[in-house]
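A.B. asks: structure, please.
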Amino acid sequence: MSIASWFVRASAAAALLGGLSGIMASPANAACPKGYYLTIGGDCVAYGGNGDLNWANWGYPNWGRPFRGSWGGWYVGVWTGWGFASSSWSDPENGFLGTANMNGLILGGYTGYNWVHGNYVVGIEGGAAWSDVHAGFNAEGWSFGGYIKGLEELRARLGVTTGPNSSSLWYGTVGVAAAQYKAISDWPEIDAHFEANKTFGGFTVGAGYEYRFTPNLSWRLEYSYYNFGSRGLNLTSNTDFEQIYHVDLSHLQMSTVTFGVNVAVSDVRLKRDITLVGHLKDGLGIYRYRYLWSDTVYVGVLAQEVALDHPDAVVRGPFGYLMVDYGKLGLKLMTEREWDAVRAQRRLALCCSQ
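C.D. replies: The predicted structure is shown next:
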């Protein structure tokens, strides 16, 4: 196991163990008296042929339901797309030289945090990207080229969903951005190559759509506009030609269309191999999962979902992780072996009651 992997598992374990007091509380585990069966909530209920067995209480799958989950908390993601940029070039001697209409591939990553207020989502997000957006043109017998080599941004997000359980989020963005720009010019008559690198600051606005397709995974489609204004550049030669060539770049701007995938890393960071196995009667999802530091398979709920309808059953533990008080839900966290045993007992109860 790598040091990084060990650190993640140890941190997650410390976060959970630090808040165990009262969090794993549940109904008594005592066996039920004869004539009763044990529900997932740990209750003893009489069985018979009168419909007492409510199949929905046992979390049988209802795959037609959308995945539920809060849009709040930390997330990380990666994205790729295409950028379209332009800038006008001029110099003091010749005036306007031409326009570089650039385009190219962009690859990047980002992280952010969302706060949920009813149907509204407010967040902050930062990211960085590698860019191959470039183009060139010829003027006065010389060649010119512009390259956007990198991009950083910090922006606010404001989004709206169609409801607390919605899997869709429409959002807009606004923020600040910086681009690493490279300008080149080749003068064949003296066999000289001129070059300059500069970071341009500016602003960005955008809009997008995000869809959650599992409790902690979502994809997004987004349009963004960047404006870096006008700047002067001093290009230097790679030869003994000592003169500095000054150019003015005006209206450097870029538009991007990107596709990204996000991973929610709030309380679900404590779990792995998450699989939906069904729903309770009130729609709350039941999941099979492992904790990061253990290979034992458990069956239980996810805090981000519980917080939607039962906020009093969720507490914030050390390091900001959300934790569920199972006792307040009338449920009991089970291992997969316990879950299978309870289901077997239920089948036996049903068989004997007929």
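A.B. asks: contacts, neighbours, all on C-alpha from now
C.D. replies: Fine.
A.B. asks: distance from the centroid: which residue in the chain tops it?
C.D. replies: Note on the chain: the largest C-alpha distance from the chain mean falls to residue 189, namely 52.7 Å (C-alpha atoms, centre = their mean).
A.B. asks: excluding sequence neighbours, find me the nearest residue to residue 248.
C.D. replies: Closest residue in space to residue 248, ignoring its immediate chain neighbours: residue 232 at 4.4 Å, by C-alpha to C-alpha, 6 or more residues apart in numbering.
A.B. asks: how about the helix or strand where the one you found lies as PDB, C-alpha atoms only?
C.D. replies: Secondary structure assignment for residue 232, by DSSP states H and E: strand 231-237. What follows is strand 231-237, C-alpha atoms only, in PDB (Å, rounded to 0.1, in the frame of the first residue of the first chain):
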ATOM      1  CA  ARG A 231      -1.500  44.100 -23.600                       C
ATOM      2  CA  GLY A 232       1.900  45.100 -24.900                       C
ATOM      3  CA  LEU A 233       4.600  42.500 -25.400                       C
ATOM      4  CA  ASN A 234       8.300  42.900 -25.900                       C
ATOM      5  CA  LEU A 235       9.600  40.100 -28.100                       C
ATOM      6  CA  THR A 236      13.300  39.200 -27.900                       C
ATOM      7  CA  SER A 237      15.400  37.500 -30.600                       C
END
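A.B. asks: check which residues of that strand are buried.
C.D. replies: 233, 234, 235, 236, 237 (16 or more other C-alpha atoms under 10 Å).
A.B. asks: which one of those residues is nearest residue 140?
C.D. replies: For those, the minimum distance to residue 140 (C-alpha to C-alpha) is 16.7 Å, reached by residue 235.
A.B. asks: list the buried residues of stretch 74-93.
C.D. replies: Residues of stretch 74-93 classed as buried: 74-90 (neighbour count, 16+ other C-alpha under 10 Å).
A.B. asks: show me how far it is from its chain's centre.
C.D. replies: Here stretch 74-93 is found 23 Å from its chain centre; the criterion is C-alpha atoms, centre = their mean, to the nearest Å.
A.B. asks: wait, what's in contact with the closest residue to residue 246 other than its chain neighbours?
C.D. replies: Leaving aside its sequence neighbours, residue 246 sits nearest to residue 234 (C-alpha to C-alpha, 6+ apart; 4.5 Å). Residue 234 makes contacts with 196, 244, 245, 246, 247, as judged by C-alpha atoms under 8 Å, 6 or more residues apart in numbering.
A.B. asks: could you give the bridge partners of the last one?
C.D. replies: Each beta-bridge partner of residue 247 is listed here, defined by DSSP bridges: residue 233.
A.B. asks: residue 210 and residue 330, how far apart?
C.D. replies: 34 Å (C-alpha to C-alpha, to the nearest Å).
A.B. asks: which one's more surrounded, the two?
C.D. replies: Between residue 210 and residue 330, counted using other C-alpha atoms under 10 Å, residue 210 has the larger neighbour count: 21 against 15.
A.B. asks: surely the more buried one touches residue 220?
C.D. replies: Yes: with contact defined as C-alpha atoms under 8 Å, residue 210 reaches residue 220; the gap is 4.1 Å.
A.B. asks: in the stretch 201-350 of the chain, which spans are strands?
C.D. replies: 217-227, 231-237, 245-264, 271-279, 285-291, 297-300, 314-316, 322-324, 334-335 (DSSP state E, counting those that start in this stretch).
A.B. asks: could you look up the SS state of residue 114?
C.D. replies: strand (DSSP: H, G, I helix; E, B strand; the rest coil).
A.B. asks: any idea what the residue lying closest to it once chain neighbours are set aside is bridged to?
C.D. replies: Leaving out its chain neighbours, the residue that sits closest to residue 114 by C-alpha to C-alpha, 6+ apart is residue 123, at 4.1 Å. Note on residue 123: beta-bridge partners by DSSP bridges are residue 114, residue 157.
A.B. asks: quick one: pLDDT of residue 123?
C.D. replies: According to the prediction, residue 123 has pLDDT 92.
A.B. asks: if anything else comes up later, I'll come back, but that's it for now.
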